[in-house]
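S.K.: Generate coordinates for the sequence data below:
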Amino acid sequence: MPTIAYREATVADVGAVARIRAASWGTEQYWESRISGYMRGELHPQHSLPPRVVFVAAEQGLLVGLIAGHLTRRFGCDGELEWLDVIPERRRTGIAGALLRTLARWFQAQRAKRICVDVDPQNAPARAFYRKHSAEDLNPHWLVWPDITVLVRFTTADRILACLKGIATGDAVGKQTETLSQEDVLRWFPRGIHGFEGPPGSVVPRYVGNAKHEWRIGETTDDTERTIAVARAIIADRNVSHVSIGRELLRCKKCVHPGLKSLWEFHEAADPTRIATSHDGCGAPAPGRLRFRLTAAHTRSRPRPRPPPRSRRPSTRRLLVRFWRSRNMRPPKASVAGRGPQRLHSRRRSTRCTTTWSACQHCDQPKSPPLAFRISR
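M.R.: Model (predicted):
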């Protein structure tokens with residue numbers, strides 16, 4: 001299926017947009033005047049504000065759909081969806097939903113959340129479409145999105161696409177300094193790397209005249225190519241298949257030369273079922289090993305819950321023990337209430353000194369005052 005491109009409309013698109021609208025009702029002249037006036041800011045719907053936009057969906061250069069919207073104060077809303085239309089041949093193919101999300105992103109950039117749309121009460125398909133996309137009934141003629149940003153929150157497909165784009169960007173940026181030492185990086189890029197260092201499409205300076213391949217700024221390597229190949233095989237089979245992944249990897253052409261022994265042997269064999277055993281390579285893991293890893297990951301027992309942490313506040317006895325040890329003295333035994341303090345002795349003396357307060361007559365070592373305390377249980 002051809003790719004659909006979504007972009008902001010220009011004055012040159014007015015005629016094609018008018019033909020799409022006239023297919024539903026009205027004449028092309030009426031819609032050309034109305035749409036051109038709307039885009040130039042000469043036609044103002046009730047309670048509308050100047051910021052407005054028109055987006056179109058193009059398939060191989062031909063317009064197949066449009067959507068328009070503007071900021072407003074109608075019904076206490078922030079914005080209004082003015083028109084949404086798709087040619088009959090391309091309806092129910094996801095184009096209308098994509099156009100709606102495109103306009104929702106524009107509203108989000110304008111900090112507009114509450115959006116309204118006027119729909120004929122007799123137009124059941126249109127009302128069902130808007131309700132499917134989170135709109136609520138406001139009155140018999142109008143529907144409203146309390147927060148249209150719910151339409152532009154990332155889906156699983158958006159996250160996968162973002163991951164692949166991140167891999168490709170990092171791959172292309174990193175190719176500029178691949179295998180270079182720190183000294184070589186500073187020699188080629190004295191200011192360091194801050195993204196793409198040069199005009200996109202120009203040859204990376206260190207690869208000018210390279211016999212194998214003159215890598216260009218923004219060009220991805222075999223890492224991105226093979227990552228996409230693996231993703232393509234998984235999507236096609238809805239499963240991880242060694243043969244399918246191998247078949248897709250055989251279509252990859254980057255970095256296939258005798259210098260990379262594993263890839264070279266894999267492509268020379270041209271066997272998608274091949275499993276490399278003598279060295280790292282071939283691109284697809286052995287089915288048994290992959291199955292073992294998946295099983296081990298899914299059957300791993302859950303960790304036991306940790307006991308609740310103890311109170312961080314130490315007890316009185318622990319504080320006293322720390323005090324005596326900090327003075328290199330052995331802590332006294334707890335005294336019994338009414339019997340007075342216990343005698344102290346030094347840990348440094350092999351002969352125990354039992355002198356209490358004041359200096360010792362035998363070793364002339366000053367003693368700390370005795371401390372009587374009671375430990376309550």
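
S.K.: The residue nearest to Asp137 when sequence neighbours are not counted: how many residues sit nearby?
M.R.: In this structure, Asp137 finds its nearest non-sequential neighbour in Leu143, 5.9 Å apart by Cβ to Cβ, 6 or more residues apart in numbering. Where you see a C-beta, it was placed from the backbone N, CA and C, and this is true even at glycine. The local packing of Leu143 (other Cβ atoms under 10 Å) involves 21 other residues.

S.K.: for Ala112, same thing?
M.R.: Neighbour tally, Ala112, other Cβ under 10 Å: 23.

S.K.: Make sure it is actually in contact with Glu80.
M.R.: No: between Ala112 and Glu80 there is no contact under Cβ atoms under 8 Å: 9.4 Å.

S.K.: Can you work out which residues contact both of these two?
M.R.: Leu71 (Cβ atoms under 8 Å, 6 or more residues apart in numbering).

S.K.: sorry, back to before: so which strand or helix has the residue nearest to Asp137?
M.R.: Element membership for Leu143 (DSSP states H and E) is strand 142-145.

S.K.: and if you look at Val117?
M.R.: Going by DSSP H and E, Val117 is in strand 115-118.

S.K.: Can you dump the C-alpha atoms of that strand in CSV for me?
M.R.: C-alpha atoms of strand 115-118 as CSV (Å, rounded to 0.1, in the frame of the first residue of the first chain):
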residue,chain,number,x,y,z
ILE,A,115,-11.9,21.0,21.6
CYS,A,116,-15.5,21.0,20.1
VAL,A,117,-16.8,19.9,16.8
ASP,A,118,-20.2,20.4,15.1
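
S.K.: Given that strand, what are its sheet partners and their directions?
M.R.: Note on strand 115-118: by DSSP bridges, its sheet partners are strand 79-86 (parallel), strand 142-145 (antiparallel).

S.K.: moving C-terminal of the first one, what's the next helix or strand?
M.R.: What that stands for is strand 79-86. helix 95-109.

S.K.: Tell me the helices and strands packed up against that following helix.
M.R.: strand 4-8, strand 48-59, strand 62-72, strand 79-86 (3 or more Cβ pairs under 8 Å, 6 or more residues apart in numbering; DSSP states H and E).

S.K.: Alpha carbons of the third one, in PDB - could you do that?
M.R.: Backbone C-alpha positions of strand 62-72 (Å, rounded to 0.1, in the frame of the first residue of the first chain) are rendered in PDB as follows:
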ATOM      1  CA  LEU A  62      -2.700  13.300  -4.800                       C
ATOM      2  CA  LEU A  63      -4.700  14.700  -1.900                       C
ATOM      3  CA  VAL A  64      -7.000  12.100  -0.300                       C
ATOM      4  CA  GLY A  65      -8.100  13.900   2.900                       C
ATOM      5  CA  LEU A  66      -8.100  17.100   4.900                       C
ATOM      6  CA  ILE A  67      -8.700  18.500   8.300                       C
ATOM      7  CA  ALA A  68      -8.900  22.100   9.600                       C
ATOM      8  CA  GLY A  69      -9.100  23.600  13.000                       C
ATOM      9  CA  HIS A  70      -8.700  26.900  14.900                       C
ATOM     10  CA  LEU A  71      -8.700  28.300  18.400                       C
ATOM     11  CA  THR A  72     -12.000  29.500  19.700                       C
END
